[in-house]
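> this one's structure only:
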């Protein structure tokens, strides 16, 4: 059984992902990045990876499902950005 109250190194990785998520949202709201640009999708993909690492060690099915969709949509956004640049 997983002890959700014991701090694990993956919790630090997850917290870094959460801070990047909040930072990315802040940059979006203050017009520092474009929602259809590369960096928004890239940062969201990194967030999904970091939170996914944490979820590997402390799994929650709903959150794992969310991160899979989050990563998929981020990859799709980067693909669309790449195709628009060509």
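Done, it's in. Remember, it's a predicted structure, so these values are computed and weren't measured experimentally.

> When you work out contacts or count neighbours from here on, use the C-alpha atoms and nothing else.
OK.

> This protein: strands as residue ranges?
Counting by DSSP state E, one finds no strands in the chain.

> Residue ranges in it under the pLDDT threshold?
Nowhere does the chain drop to pLDDT under 70.

> At which residues are the helices of it located?
Remark: helices assigned in the chain by DSSP state H are 9-29, 38-57, 61-85.

> give the contact list for the closest residue to residue 14 other than its chain neighbours.
Nearest residue to residue 14 in three dimensions, chain neighbours excluded: residue 51, at 4.7 Å (C-alpha to C-alpha, 6 or more residues apart in numbering). Residue 51 makes contacts with 13-15, 17-18, 67, as judged by C-alpha atoms under 8 Å, 6 or more residues apart in numbering.

> mind checking how far residue 51 is from residue 32?
Distance of residue 51 to residue 32, given as C-alpha to C-alpha, to the nearest Å: 24 Å.

> Point out the most buried one among the helices of the chain.
Comparing the helices of the chain by mean neighbour count (mean count of other C-alpha atoms under 10 Å), helix 38-57 ranks first with a mean of 20.

> what's the angle between that one and helix 9-29?
Helix 38-57 runs at 160 degrees relative to helix 9-29, counting by axes from the mean of the first three to the mean of the last three C-alpha atoms, to 10 degrees.

> the inter-axis angle of helix 38-57 versus helix 61-85?
Helix 38-57 and helix 61-85 meet at an angle of 160 degrees, taking the same axes, to 10 degrees as the criterion.

> still on that earlier bit, out of the helices of the chain, the one nearest residue 1 is which?
Residue 1 sits nearest to helix 38-57 of all the helices of the chain, at 10.9 Å, using C-alpha to C-alpha.

> Would you pull up how far that closest one lies from the middle of the chain?
With C-alpha atoms, centre = their mean, to the nearest Å as the basis, helix 38-57 stands 3 Å off its chain's centre.

> Stretch 19-30 now?
In terms of C-alpha atoms, centre = their mean, the centre of stretch 19-30 is found 11 Å from the chain centre.
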